[in-house]
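# I would like the atomic coordinates for the input below:
(one chain, ligands or ions: 1)
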Amino acid sequence: MSKWCVGIDLGGTFIKFCLLSADHKPTRIFQLPTPSDRGGQGVADQMIAGAQQAMKEAGAKVRDIVGVGIGSPGPMSMARGVVFRTPNLPMLEGFPLRDAVSKAMGVPVALENDANAAAYGEYLCGDGSRRGDMVFLTLGTGVGSGIIVNGKLLHGDHEIGGEIGHMILEPDGELCGCGQRGCLERYCSATFLAEYARRLIEQNGRKSRLQDVLKAKGDIDAKDISDACRDGDALAAEVWDRAARYLAIGCVNICRIFDPDEIVLGGGLTKAGDELLAPVQRHVAKLHWSLTMPATKISIARLGNDAGAIGAAGVAWSAFARPKDKH
Ligand SMILES: [Zn+2]
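Okay, here's the model as predicted:
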């Protein structure tokens, strides 16, 4: 009988579910709303309901389930299976999420940081040929990241390792939500790109066609900037290139520390595809040391929003598989 792991990707609005086979084939990914009115137990109950639905769809019984992986926004203690204070999921603070789901389902459960889970999903399923070390960055509201060395996610000694988004690129730079100044996240996230363009227009009086967008919508987003950039708007091009340059600085630093086979970029900003990748690669070529040629590939993630659920299941496979489960 086939063996499976369940992958659960917890977000502030939705929880995503899938099963993953031993040879890393995911089942259909679906989502259920994240309940906000029944505390941590309500979230655990919804996870159990979704896991059971995924199992039913695949014809899997509890005895076919090797384990469950939950990807959640952090910070958290993976060792204790508890999420700490997280702004979009305040009901989870201190709730023993891992043990509640494990006890109710009768299978082992692993709790993992959501960006790490997404990184692992891309590692396992994003590109079938991927075998080397990989660093994943997701450029969205913030910048999440995951580092995979020798097939394993890097957690650090205090469970806070692999936070590339909070690598300081500018001492005394932009204040970050984490309390540091000059973090990569404050220069390369989709949110900051829009904020910076607005600042140049509203505070510095710069001219741009983005002013029309601002007037029409009341706000601008990263896509408006890449669209304006494509239409030859000078301010949009400057904002876009600045983000690409900071991202390239981050990538070169990553190469100096880890020398990974690949840096994979995901999240909202990467919808621009080559319009993001090309300037990042151009800046990397300029910033890179002269001792060796750049050898690390930089590419766009393949799995999109599915990476978290698939990767969470992959984390469970990595934590709980015994040799006989793989057949
Ligand atoms: Zn930070």
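# Can you check the pLDDT for whichever residue of the stretch 201-327 of the chain sits closest to the ion?
In the stretch 201-327 of the chain, the residue that lies nearest the ion is residue 250 (12.4 Å; Cβ to the ion). Heads up, the C-betas are built off the backbone N, CA and C, glycines and all. At residue 250, the predicted lDDT confidence score is 98.
# Equivalent analysis for the one 10 residues further on, please.
pLDDT for residue 260: 97.
# Kindly report the same for residue 205.
For residue 205, the model assigns a pLDDT of 89.
# sorry, back to before: remind me which helix or strand the residue of the stretch 201-327 of the chain closest to the ion belongs to.
Using DSSP states H and E, residue 250 falls within helix 234-258.
# what do you get for residue 148?
Short version, using DSSP H and E: residue 148 is in strand 143-149.
# Name the next helix or strand following that strand along the chain.
strand 152-153.
# Apart from its chain neighbours, what residue comes closest to residue 92?
Across the structure, with Cβ to Cβ, 6 or more residues apart in numbering as the measure, the residue nearest residue 92 apart from its sequence neighbours is residue 83 (4.4 Å).
# Over to residue 86?
Take residue 86 and drop its neighbours on the chain: the residue closest to it by Cβ to Cβ, 6+ apart is residue 73, 4.7 Å away.
# Could you double-check that the one you found lies in contact with residue 85?
No - the pair residue 73 / residue 85 is not scored as a contact, 10.4 Å apart, by Cβ atoms under 8 Å.
# between these two, who's got more neighbours?
Comparing residue 73 with residue 85 by neighbour count (other Cβ atoms under 10 Å), the higher total belongs to residue 73, at 19 against 12.
# Which stretches in the stretch 51-200 of the chain count as strands?
Taking DSSP state E, counting those that start in this stretch as the test, the strands found in the stretch 51-200 of the chain are 65-72, 76-77, 82-83, 109-113, 134-139, 143-149, 152-153.
# Give me the helices and strands touching the fourth one, please.
Taking 3 or more Cβ pairs under 8 Å, 6 or more residues apart in numbering; DSSP states H and E as contact, the helices and strands that strand 109-113 lies on are strand 65-72, helix 97-105, helix 307-320.
# so that strand versus helix 307-320, what angle?
Here strand 109-113 points in a direction 130 degrees away from that of helix 307-320 (axes from the mean of the first three to the mean of the last three Cα atoms, to 10 degrees).
# In the stretch 1-150 of the chain, which residue sits nearest the ion?
Residue of the stretch 1-150 of the chain nearest the ion, by Cβ to the ion: residue 142 (8.4 Å).
# State the pLDDT value of that residue.
91.
# list the contacts for it?
For residue 142, the residues meeting the contact criterion (Cβ atoms under 8 Å, 6 or more residues apart in numbering) are 165, 177, 185, 189, 191.
# Next one: the second one from the ion, what distance?
In this case it means residue 177. 6 Å (Cβ to the ion, to the nearest Å).
# just the fourth one next, same as before
Taking Cβ to the ion as the measure, residue 189 falls 10 Å from the ion.
# how about the closest residue in space to residue 193 that isn't next to it in sequence, phi and psi?
With Cβ to Cβ, 6+ apart as the criterion, residue 193 has its nearest non-adjacent residue at 4.8 Å, and that residue is residue 222. Dihedral pair for residue 222: phi -60, psi -30, per degrees, to the nearest 10.
# Residue 18: neighbour count?
One way to gauge burial is a neighbour count; for residue 18, by other Cβ under 10 Å, it gives 27.
# How about the secondary structure of it?
Put simply, residue 18 is strand when judged by DSSP: H, G, I helix; E, B strand; the rest coil.
# Look at it and report its pLDDT.
Here, the pLDDT recorded for residue 18 equals 98.
# What's the separation between it and residue 276?
Taken as Cβ to Cβ, to the nearest Å, the spacing of residue 18 relative to residue 276 amounts to 28 Å.
# mind checking how far the residue sitting furthest away from the middle of the chain is from residue 219?
Of all residues in the chain, residue 205 sits farthest from the chain's C-alpha centroid, using Cα atoms, centre = their mean; the distance is 34.8 Å. Look at residue 205 and residue 219: by Cβ to Cβ, they are 19 Å apart.
# thinking again about what came up before, would you write out the PyMOL command that picks the buried residues out of the contacts of residue 142?
Burial among those is assessed by 16 or more other Cβ atoms under 10 Å; the matching PyMOL selection reads:
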select buried, resi 165+185+189+191
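# Fine by me, we can end here.
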